[in-house]
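> Below: sequence and its predicted model.
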Amino acid sequence: MFEQGYALWTSAKRLILNNRVREIDYYPNERDLTACGTAQKALHERAAAVTREQFGNKVFVRGVVEISNFCRQNCAYCGMRRDNRALERFRAGSEQIARLIVGHVPESVTDINIQTGEDPVAARELVLPLIQTLRRETKLGISVCLGTLSPELYAQLRDAGASIYIMKFECGDAAEFARLEAPGTLAERERHIHLLARSGWFISSGFIGGLPGQTLRHWLGNLELAASLPLHGCSVSPFIPGEDTPLREFPPASADWTVNCIAAMRLMRPAWVIPAVSALNLAAKEGYRSGLRAGANLVTINLTPDQLRGDYVIYKRDRFIMTEERVMEAMAAEGLAPSRQGLADFYNCGAAPVPA
Ligand code: SF4
């Protein structure tokens with residue numbers, strides 16, 4: 001009865017979505033998200049074939065720098081939540097980070113993602129000058145993942161030279177979003193995604209699969225919401241219980257469902273840029289490579305200085321850090337090669353459609 005209701009709800013929602021969504025002939029379904037054995041292999045091969053058709057064997061390579069772990073939010077799934085008093089907080093110097101990047105990024109890196117907790121002070125005082133320096137002294141594409149900020153600050157960041165905003169919605173169910181103390185409200189998050197898109201940003205979003213208490217319905221709901229937003233890319237990360245969070249006792253997400261979800265997302269949106277996230281390697285041995293095999297086409301090399309990285313606990317302290325060597329090994333093992341074209345450049349060329 002419930003499943004029937006859900007099916008009706010999803011078809012009704014599709015009808016009110018835009019034309020582009022209606023044109024697409026693949027809809028994520030329970031069978032694919034739970035596939036295993038030969039059905040799973042076939043799903044991943046189908047997604048890989050679509051990825052190859054769109055992008056060849058090329059994968060975008062970006063570097064990430066995590067420059068502040070202060071956060072005014074309190075997400076139950078995150079070790080950087082404001083109630084975590086055990087965490088030593090840091091803000092890196094923008095000059096320190098600029099020195100690290102300018103002239104020193106690995107040759108394969110075409111873009112830099114600057115990431116912080118939701119820390120408007122860092123966004124204003126560290127990220128803005130860092131972007132200005134990078135824009136002046138490098139050709140790197142610049143993305144930011146800084147949380148929900150004011151429209152004025154978004155505009156300043158864009159004027160400084162960033163062009164991609166990563167605004168994850170994390171959980172596509174409003175009641176769950178509130179239960180998990182995710183930032184603000186889901187409606188507000190969606191509003192900011194639309195605002196950013198209208199003001200010229202390229203947007204990537206993302207969600208966490210397998211949060212405690214969630215069912216297949218939530219996995220499908222996340223994909224439905226992603227499809228309705230004006231995105232150029234989207235990630236799915238497996239839930240990993242962080243030791244300094246209220247969710248520490250819960251089991252991690254199913255790695256199989258997470259990778260199936262990547263494959264479903266690729267089939268649903270062939271032209272999206274879909275990252276392989278490092279947490280896949282905590283969910284399963286060689287999980288990262290499975291993600292690349294199932295349709296992911298963006299890898300991220302962590303460039304955060306060693307002495308700061310330990311306190312950037314997006315899930316748990318014992319993160320799986322993707323160094324250049326690990327990223328290149330995983331790509332080579334899957335027959336993939338770094339894209340010479342950068343991500344920002346790819347978006348600027350209009351290569352990725354915005355479906356909303
Ligand atoms: S997920 Fe982001 S916004 Fe939420 S507590 Fe962690 S750093 Fe802050």
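Received it, and whenever you're ready, just let me know what you need. If you're wondering where the values come from, they're calculated on a predicted model, not measured in any experiment.
> wait, doesn't I193 sit right on G172?
No - in terms of CB atoms under 8 Å, I193 does not count as a neighbour of G172; the distance is 12.0 Å. For the C-beta atoms, the positions are set from N, CA and C on the backbone; glycine is no exception.
> by contact count, what packs against the longest strand seen in the chain?
Longest strand of the chain, by residue count under DSSP state E: strand 58-68. In terms of contacts (3 or more CB pairs under 8 Å, 6 or more residues apart in numbering; DSSP states H and E), strand 58-68 is packed against helix 94-101, strand 111-116, helix 120-122, strand 298-302, helix 306-309, strand 337-338, helix 343-348.
> Just send these back as TSV, with mean neighbour count too.
Output for these, formatted as TSV (neighbours: other CB atoms under 10 Å):
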stretch	mean neighbour count
helix 94-101	17
strand 111-116	25
helix 120-122	18
strand 298-302	22
helix 306-309	13
strand 337-338	16
helix 343-348	21
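> could I get the ones you listed as JSON lines with distance to the ligand and mean pLDDT?
Listed next are the helices and strands packed on strand 58-68 as JSON lines, based on distance: least, CB to the nearest ligand atom, whole Å; pLDDT from 0 to 100:
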{"stretch": "helix 94-101", "distance to the ligand": "18", "mean pLDDT": "89"}
{"stretch": "strand 111-116", "distance to the ligand": "8", "mean pLDDT": "97"}
{"stretch": "helix 120-122", "distance to the ligand": "11", "mean pLDDT": "97"}
{"stretch": "strand 298-302", "distance to the ligand": "16", "mean pLDDT": "95"}
{"stretch": "helix 306-309", "distance to the ligand": "14", "mean pLDDT": "71"}
{"stretch": "strand 337-338", "distance to the ligand": "28", "mean pLDDT": "96"}
{"stretch": "helix 343-348", "distance to the ligand": "21", "mean pLDDT": "95"}
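> quick one: which of those is nearest R46?
The closest of the helices and strands packed on strand 58-68 to R46 is strand 298-302. By CB to CB, the value is 19.6 Å.
> Alpha carbons of that closest one, in PDB - could you do that?
Taking Å, rounded to 0.1, in the frame of the first residue of the first chain, the C-alpha atoms of strand 298-302 are listed here in PDB:
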ATOM      1  CA  LEU A 298      35.300  13.400 -11.000                       C
ATOM      2  CA  VAL A 299      38.100  12.700  -8.500                       C
ATOM      3  CA  THR A 300      39.400  14.900  -5.800                       C
ATOM      4  CA  ILE A 301      43.000  15.100  -4.500                       C
ATOM      5  CA  ASN A 302      43.200  16.300  -0.900                       C
END
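> Now do it: distance to the chain's middle.
When distances are taken as CA atoms, centre = their mean, to the nearest Å, strand 298-302 is centred 11 Å away from the chain's centroid.
> cool, stretch 127-141 as well?
22 Å.
> and what of stretch 338-349?
That offset, for stretch 338-349, works out to 17 Å (CA atoms, centre = their mean).
> Keeping just the C-alphas, turn it into CSV.
What follows is stretch 338-349, C-alpha atoms only, in CSV (Å, rounded to 0.1, in the frame of the first residue of the first chain):
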residue,chain,number,x,y,z
PRO,A,338,42.8,12.8,-16.2
SER,A,339,40.8,15.2,-18.3
ARG,A,340,42.9,18.0,-19.8
GLN,A,341,39.9,20.2,-19.8
GLY,A,342,39.0,21.7,-16.4
LEU,A,343,35.7,21.4,-14.7
ALA,A,344,34.9,25.2,-14.7
ASP,A,345,36.0,25.4,-18.3
PHE,A,346,33.8,22.4,-19.2
TYR,A,347,30.8,24.1,-17.6
ASN,A,348,31.7,27.5,-19.1
CYS,A,349,31.6,25.9,-22.6
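> Tell me which residues are up against it.
55, 58-62, 108, 110-111, 139-143, 163-164, 202, 232, 273, 298, 328, 331, 352 (CB atoms under 8 Å, 6 or more residues apart in numbering).
> Please list the residues of the stretch 51-200 of the chain that sit near the ligand.
71, 73, 75, 78, 80-81, 117-118, 147, 183 (CB under 6 Å from any ligand atom).
> Most neighbours out of those residues, which is it?
M80 (27 neighbours; other CB atoms under 10 Å).
> so that one touches N69, yeah?
Yes - proximity of M80 to N69 meets the contact threshold set by CB under 8 Å, at 5.2 Å.
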